[in-house]
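Asker: Whatever this is, show me its structure:
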Amino acid sequence: MPTVSIMFHFVAFCIHLISSILAFNSVTDFSSQIFYETYHWNANVTTNVTRTTTRNYIGSINPVLLVAVNELLTCVAHFVAIVVLNINSLSYTQQEHAMSARRWFSYSVTAGLLGCAVLLLTGETHVFFLVFMIATNVVIQGQGYLIDNNLDNGLDQVKIWPYVFAAILLLVQILYVSTVVFSTSGLTTLLFIPLNALAVIYGLFYTSFALVRLLQAFDEQRSDDAINQKLLVNYDDIYVLLSVTSKILLSWLLIAIHHSALDTLQISHTPNLSYISWTGVQIFVIVFATVSIPFGVYVSHSFPKQIDKRRTYDVV
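Answerer: Next up is the predicted model:
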């Protein structure tokens, strides 16, 4: 039984459970408007041709609420992982496929919601861009699942195209989020980690998942002739580690910016959590991520995943 992996998921489950409870208690009554645009052309003899753009508001979404829901869904995903890892009747292949499907399906939802929350933090947001963030993220994570299946079917063959397609979409996502954030003024000097720094951290962490997946592919091909292949780390655990640190860090940096912006702009809201040092919260999660990543990599390196190519992975 992969007890170390279960430990990683159990710790992640507890952290995200606590985080989701705290996040739900941090949701304010101030939301960002969602709109779509309509266009009307005007032309007559005495004036030039003009186009009138009208914003049609269809509702509002609170970015902190998205973060809270995201944390809860992540908590549930880790609980599912614990259950799957404890089903002894599953063969190796069945368990690998179940964990891969769980991971990429979870990411297809949670990574998209977190990206939408960052956009909503800047203010009014076009509904198309929220759909764009969610849809492209589903495609990106789908490429990850296809890569996993390819490696399962042939550990010595890695197709490059899923990496290329996923990388293009990921870069477009990061570029769009960064453009929106860096075009927003008035929220750049609120805290220790301002809004524009949040966009940089968002890009770095999302890119790190792709880099780890690429490293895993090279590591699994490192010893083609070896019967028992010992990997550098257990990459399943590294994904858990990156998921926890990135979501906790981004979520609470975002919540801190949201509350600080409302306080600084003197916008009435409930609950009023102005007594909390949001700079202190940001420093805490930064220290948490800084300590957790090297410690988690060390633990995973101490208990690496071993692949025996002679195994049929069938239940006897």
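Asker: mind listing what residue 149 touches?
Answerer: 97, 100 (CB atoms under 8 Å, 6 or more residues apart in numbering). Heads up, the C-betas are built off the backbone N, CA and C, glycines and all.
Asker: what about the strands in the chain?
Answerer: All strands of the chain, identified by DSSP state E, fall at 32-42, 50-61, 125-126, 228-230, 306-308.
Asker: Now do the most centrally placed residue in the chain against residue 293, distance only.
Answerer: Against the mean C-alpha coordinate of the chain, by CA atoms, centre = their mean, the closest residue is residue 111 at 3.2 Å. Distance, residue 111 to residue 293, using CB to CB, to the nearest Å: 18 Å.
Asker: And the helices in the stretch 201-316 of the chain?
Answerer: 235-264, 278-302 (DSSP state H, counting those that start in this stretch).
Asker: Got the confidence number for the nearest residue to residue 128 once chain neighbours are set aside?
Answerer: In space, and not counting its chain neighbours, residue 128 is closest to residue 36: 6.9 Å by CB to CB, 6 or more residues apart in numbering. What the model reports as pLDDT for residue 36 is 93.
Asker: likewise residue 81?
Answerer: 92.
Asker: Tell me the spacing between the spatially closest residue to it that is not a sequence neighbour and residue 298.
Answerer: Spatial nearest neighbour of residue 81, chain neighbours left out: residue 9 (4.5 Å); criterion: CB to CB, 6+ apart. According to CB to CB, residue 9 stands 18 Å off from residue 298.
Asker: higher neighbour count, these two?
Answerer: Taking neighbours as other CB atoms under 10 Å, residue 9 and residue 298 compare with residue 9 leading, 25 against 10.
Asker: who's in contact with the more buried one?
Answerer: Contacts for residue 9 (CB under 8 Å, 6+ apart) come out as 78, 81-82, 85, 240.
Asker: repeat for residue 119
Answerer: 125, 129-130, 133, 177, 180.
Asker: what about this structure, any weak spots by pLDDT?
Answerer: 1-2, 44-47, 150-159, 187-191, 222-231, 304-316 (pLDDT under 70).
Asker: Check the gap between residue 181 and residue 115 for me.
Answerer: 11 Å.
Asker: re earlier: Provide a list of residues in contact with the residue nearest to the centre of the chain.
Answerer: 137, 140-141, 206.
Asker: and the gap between residue 261 and residue 186?
Answerer: From residue 261 across to residue 186, the span is 8 Å (CB to CB).
Asker: With neighbour numbers in mind, choose between those two.
Answerer: Counted by other CB under 10 Å, residue 261 and residue 186 do not tie: residue 261 has more neighbours, with 20 against 11.
Asker: Tabulate the helices of the stretch 201-316 of the chain in CSV, adding columns for distance to residue 148.
Answerer: Shown next, in CSV, are those (distance: least, CB to CB, whole Å):
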stretch, distance to residue 148
helix 235-264, 10
helix 278-302, 18
